[in-house]
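A.B. asks: predicted model and sequence follow; I will ask about them next.
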Amino acid sequence: MSDRYLAPVGTVAVLVALVSFGVAPTAVQTGVPRTAWGQPEIQGIWDFRTITPLERPEELAEQEFLSEEEVASFEQRVVEQNLRLLNRSAERTTVTDQVDRREDGTPGFYNNFWLDLGTRAVGTRRTSLIVDPPTGQIPGLTPNGQQRAEVRRTYQQQHPADSWLDFDAGDRCLLGLNAGPPIMPAAYNQNLQIFQTPDHIVLLTEMVHTVRIVPLDGRPPLSDDFRQWSGDARGYWEGETLVIETANFVGERRWTSSNPMGALGSSENLQLVERLTRVDADTLKYEFTVTDPEIWVRPWTASIPMRRSDLPLYEYACHEGNHSLPNMLAGQRREEKFATAKP
C-alpha cells in the first residue's frame with residue numbers, strides 16, 4: 001500500500017479536489033507500447049485515485065481549470081487536513097442527519113486514514129471530472145427522473161429496511177462502490193486490472209473484485225430479455241482507442257450511495273459508452289458517456305486519467321455486507337416492535 005495517500009472528506013475535500021501533478025497529453029504520443037498483434041497495450045494495473053470531484057464546486061462555477069498557484073495552495077490544504085485528522089485526540093462521535101459525514105465535514109463512518117482518495121488530481125488541472133456539459137455538472141433531471149427521485153426518497157423514508165432489496169448493490173456486495181460501470185473514484189480500493197487478448201478485454205476492479213468480460217469479436221449483443229448488473233458489453237477498436245458499449249442493465253440497479261446517483265439509479269434504457277486510450281507509458285485515459293433519456297435531459301461525459309501501477313492487486317472479498325445485512329434488518333424489526341408496543 002505504499003505511495004497511497006489519504007484524502008480529506010467534506011468542504012475542504014471539495015476545495016482541494018483539484019490538485020495536479022502536471023497536464024496530461026491531449027493526443028496519443030508515439031512510443032505507446034503495443035501488443036504482439038498490433039493493438040495498443042492497455043493491460044496491467046491502473047490507479048484511478050483522484051481528488052478532483054465528479055462535479056465542479058459551485059464556488060468555481062465559471063472556472064474550468066486552476067492555476068498552478070491555486071493547485072499548490074489546495075495541495076497544501078489536503079496535507080494539513082490529513083495530518084490534523086490523523087493526530088487529533090480520540091472523541092466520541094455524535095448523532096447527525098447521516099452516517100457518512102460529520103458536521104465538520106470529516107467522515108462519520110470510518111476514521112479518515114481508512115480512505116484512499118490520494119492527495120493529487122491526476123492528469124489535468126480541471127475543476128471537475130465531468131467534461132460535458134461545459135458547466136462540469138450532471139445535467140438536470142427529466143420530469144420522469146424527478147418523479148422517480150421523489151418516489152424513491154419517499155419510499156426510503158417509509159421503508160428503510162423491509163428486506164435486502166431496499167439496500168443498494170454495494171451494501172449487498174454485488175458491485176463495488178467505485179466499480180461501476182462506469183468506473184468513478186470513491187473511498188478506497190481504487191485500482192483496475194486489465195487483461196487483454198485479440199478477442200477479449202477483461203476489466204477487474206479491486207473493490208468487490210467485480211469482473212467484466214468484454215468480447216471484441218463482433219458478436220451481436222444479447223436480446224433485451226437478458227439483464228445483468230454490469231450490463232451487456234461489446235467492444236471494438238476505433239483507431240488507438242478501445243470503445244466499450246454497454247446496455248441491458250438490470251432495472252433495479254442503483255449506483256451506490258458513494259456516487260451522486262445513489263438514490264436515483266437509472267432506467268433500463270441506460271446506454272453507456274466507455275473509451276480507453278493509452279496516451280503514454282504511464283497514463284491510460286478513461287472516458288465515459290452516460291445516456292439515459294428517461295432520467296437526464298441530455299447525455300453527460302466524464303474523463304479520468306489513470307496512472308500505471310507496479311503494485312500487485314490483492315483479492316478483496318466483500319463479506320461485511322453478508323453479515324451486516326441481517327444485523328440491519330434485525331435492527332429495523334426491533335425498532336418496529338418498539339414503535340408498535342403498547343405503553
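C.D. replies: Perfect, I can see it now.
A.B. asks: verify the stated contact: Val297 with Leu141.
C.D. replies: Yes: Val297 is within contact range of Leu141, at 7.2 Å (criterion: C-beta atoms under 8 Å). C-beta here means a position set from N, CA and C on the backbone, and glycine is covered the same way.
A.B. asks: those two: who's more crowded?
C.D. replies: Leu141 (17 against 13; other C-beta atoms under 10 Å).
A.B. asks: need the contact list for the more buried one.
C.D. replies: Ala149, Leu264, Ile295, Trp296, Val297 (C-beta atoms under 8 Å, 6 or more residues apart in numbering).
A.B. asks: and it, its phi and psi?
C.D. replies: When read as degrees, to the nearest 10, the backbone of Leu141 gives phi -80, psi 150.
A.B. asks: what pLDDT does the model give it?
C.D. replies: On pLDDT, Leu141 comes in at 90.
A.B. asks: my read is that His235 contacts Leu242, right?
C.D. replies: Rather than His, residue 235 is Gly. Yes: the pair Gly235 / Leu242 is scored as a contact, 6.0 Å apart, by C-beta under 8 Å.
A.B. asks: now do the shared contacts for these two.
C.D. replies: Each of Ile201 lies in contact with both Gly235 and Leu242 under the rule C-beta under 8 Å, 6+ apart.
A.B. asks: mind putting the contacts of Leu141 into TSV with distance to Glu75?
C.D. replies: Listed next are those as TSV, based on distance: C-beta to C-beta, whole Å:
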residue	distance to Glu75
Ala149	36
Leu264	33
Ile295	35
Trp296	33
Val297	36
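A.B. asks: now the helices for the stretch 1-150 of the chain?
C.D. replies: 11-16, 68-87, 143-158 (DSSP state H, counting those that start in this stretch).
A.B. asks: Thr246 touches Phe288, doesn't it?
C.D. replies: No: look at Thr246 against Phe288 with C-beta under 8 Å: they stay out of range, at 9.5 Å.
A.B. asks: what touches both of these two?
C.D. replies: By C-beta under 8 Å, 6+ apart, Thr246 and Phe288 have these common neighbours: Pro181, Leu272, Val273, Glu274.
A.B. asks: pick out the most distant pair among these.
C.D. replies: Pro181 and Val273 (10.4 Å; C-beta to C-beta).
A.B. asks: the two: which has the busier surroundings?
C.D. replies: A count of neighbours by other C-beta under 10 Å puts Pro181 above the other of Pro181 and Val273, at 23 against 17.
A.B. asks: helix, strand or coil: sort out the more buried one for me.
C.D. replies: coil (DSSP: H, G, I helix; E, B strand; the rest coil).
A.B. asks: and the pLDDT at it?
C.D. replies: As predicted, Pro181 sits at a pLDDT of 90.
A.B. asks: show me where the stretch 151-300 of the chain dips below the pLDDT cut-off.
C.D. replies: Within the stretch 151-300 of the chain, the stretches with pLDDT under 70 are 254-265.
A.B. asks: in it, what residue spans correspond to strands?
C.D. replies: Listed in chain order, the strands found in the stretch 151-300 of the chain under DSSP state E, counting those that start in this stretch are 191-196, 200-205, 211-215, 232-238, 241-247, 271-280, 283-291, 300-309.
A.B. asks: could I get those strands as CSV with distance to Asp47?
C.D. replies: Listed next are those as CSV, based on distance: least, C-beta to C-beta, whole Å:
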stretch, distance to Asp47
strand 191-196, 6
strand 200-205, 12
strand 211-215, 18
strand 232-238, 22
strand 241-247, 18
strand 271-280, 14
strand 283-291, 10
strand 300-309, 5
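A.B. asks: to Arg92, which of these lies closest?
C.D. replies: strand 191-196 (34.3 Å).
A.B. asks: partner strands of that closest one and their direction?
C.D. replies: Neighbouring strands of strand 191-196 in its sheet, by DSSP bridges, are strand 44-47 (antiparallel), strand 200-205 (antiparallel).
A.B. asks: ok and that strand relative to strand 241-247, angle-wise?
C.D. replies: Angle between the axes of strand 191-196 and strand 241-247 is 100 degrees (criterion: axes from the mean of the first three to the mean of the last three C-alpha atoms, to 10 degrees).
A.B. asks: list the buried residues of strand 191-196.
C.D. replies: The neighbour-count check on strand 191-196 (16 or more other C-beta atoms under 10 Å) flags Asn191, Leu192, Gln193, Ile194, Gln196 as buried.
A.B. asks: same thing with stretch 135-153?
C.D. replies: Of the residues in stretch 135-153, those buried (16+ other C-beta under 10 Å) are Gly136, Ile138, Pro139, Leu141, Thr142, Gly145, Arg148, Ala149.
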